[in-house]
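Asker: Kindly generate the corresponding structure for this input.
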Amino acid sequence: MNNTFIQACRGQKTDYTPVWLMRQAGRYLPEYRKIRGKVDFLTLCKTPELAAEVTMQPVDILKVDAAILFSDILIPVEAMGMKLEFSEAKGPIIYSPVRDSVAVDRLRRLDPKADVPFVVDAIKLLLKQLDVPLIGFSGAPFTLATYMIEGGSSKNFVNSKSMMYQNPGLFHKLMEKLTLTVTDYLRAQIDAGVHAVQIFDSWAGVLSPYDFRTYALPYVKQIIAGLATKIPVIYFPLNTSAMLPLAKESGADVIGLDWRIEIAQAVETLGHGVAVQGNLDPTILFGSKEIIRERVTNILQGAVNAQGHIFNLGHGILPETPVDNAVAMVAAVHEMSLKNR
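Answerer: Numbers count the residues shown, from 1 in each chain. Predicted coordinates for the structure are as follows:
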């Protein structure tokens, strides 16, 4: 197996910079759209053979150095007893949002074997096929809580923040339940054989540093400490460039970076003891191949002093992205990082 990705996560010397893309199994690939045209999104997530097939697609097409299990961060939320639906127009919809103590008390703890056997089955299928590491993942408690409280995506997170500020005890109780669920969910993936896990905190950036330290970070720290795993853990708190020292306190082996900070500045801020992942703006992939190579070069040069660097986008690849440009980006990372070693 090609372990370059794992070596970079651990801060070890690599022959070249490994690369994978968030949402690399997705709508920008015609092969994915063909399968997705036959089944709805949740069915795709819950059918191990199909989930494994779309997980493999970008590995074969893009030649990335890691696969990430095809699923969704809200799968464990549904298992806690919430009704979940995905709308093509609105995105995820969660019915009967959690906004009072009765709703919080009603939530049950995830039982991986009973609630998400399809996740474990997909992992087992993939381990038989992959020649690169497999990444498992979950949403972070704060991000999952916002979906549960808002009933879906939000711009201002008024309901979530109202609970935080008006009834902090209830919010923390919800976070405690989610922390147990996320820990159990990730542990099930680790036990099934994934080689690394990533914790997505997609909405951490809506918090002030004080609130991040109070309402989000302690639970991520608890999860990572509770996993006590030897495999690498990546923490990706989106839009938190001003809070990187706090993110480092999570205990993660790798901190994911969005594109809102120069990677050299992030490396300097984080210092020794953690690797970095990122951080190309996803819309660069709509530019010319010359522009793509130029920006890849800038990031590789900026990360030269990192303890370890995994090249990635600063967020998920967009559905309209030209596949040829994604292929060219991966090839450019490999070529130029190998040349500079």
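Asker: what bits of the protein have low per-residue confidence?
Answerer: Per-residue confidence of the chain (counting by pLDDT under 70) places the weak regions at 341.
Asker: Swap in 90 and give it another go.
Answerer: Low-confidence segments of the chain (pLDDT under 90): 85-91, 153, 229, 338-341.
Asker: Please enumerate the strands of it.
Answerer: 67-68, 84-87, 91-94, 134-139, 196-201, 233-237, 254-256, 275-277, 309-310 (DSSP state E).
Asker: Select, out of these, the one closest to Asn3.
Answerer: Checking these against Asn3 by Cβ to Cβ gives strand 196-201 as the closest, at 10.6 Å. Every residue, glycine included, has its C-beta placed from N, CA and C.
Asker: how far does the closest one sit from the chain's center?
Answerer: Relative to the centre of its chain, strand 196-201 is centred 5 Å away, using Cα atoms, centre = their mean, to the nearest Å.
Asker: One more: stretch 237-253?
Answerer: Averaging C-alpha positions (Cα atoms, centre = their mean) puts stretch 237-253 14 Å from its chain's average.
Asker: what do you get for stretch 174-188?
Answerer: On Cα atoms, centre = their mean, the centre of stretch 174-188 falls 16 Å from that of its chain.
Asker: what does that stretch rub up against?
Answerer: 76, 79-80, 98, 104, 107, 109-113, 116, 119-120, 136-142, 144-145, 148-149, 163, 197, 199, 215, 219, 222-223, 226-227, 229 (Cβ atoms under 8 Å, 6 or more residues apart in numbering).
Asker: Could you report the neighbour count for Glu294?
Answerer: 13 (other Cβ atoms under 10 Å).
Asker: if I look at it, how far off is Gly287?
Answerer: Per Cβ to Cβ, to the nearest Å, Glu294 is found 9 Å from Gly287.
Asker: And for Gly273?
Answerer: 34 Å.
Asker: Who has more neighbours out of these two?
Answerer: Legend: neighbour count by other Cβ under 10 Å for Gly273 and Gly287, higher for Gly287 (15 against 9).
Asker: give the contact list for the more buried one.
Answerer: With the criterion set at Cβ under 8 Å, 6+ apart, Gly287 makes contact with Arg295, Asn325.
Asker: And stretch 102-115, end to end?
Answerer: Taking Cα to Cα, to the nearest Å, stretch 102-115 runs 22 Å from one end to the other.
Asker: for stretch 69-77, same thing?
Answerer: 17 Å.
Asker: ok now that stretch, how far from the chain's centre?
Answerer: Going by Cα atoms, centre = their mean, where stretch 69-77 is centred and where its chain is centred differ by 10 Å.
Asker: Give me the most central residue, this structure.
Answerer: The chain has Phe200 as the residue nearest its centroid, 4.0 Å off, counting by Cα atoms, centre = their mean.
Asker: Wait, that one touches Gly136, no?
Answerer: No - in this structure Phe200 lies outside contact range of Gly136 using Cβ atoms under 8 Å: 11.5 Å.
Asker: Distance from stretch 77-95 to the middle of the chain?
Answerer: For stretch 77-95 - counting by Cα atoms, centre = their mean - the centre lies 18 Å from the chain centre.
Asker: Ok, stretch 5-22 next?
Answerer: 16 Å.
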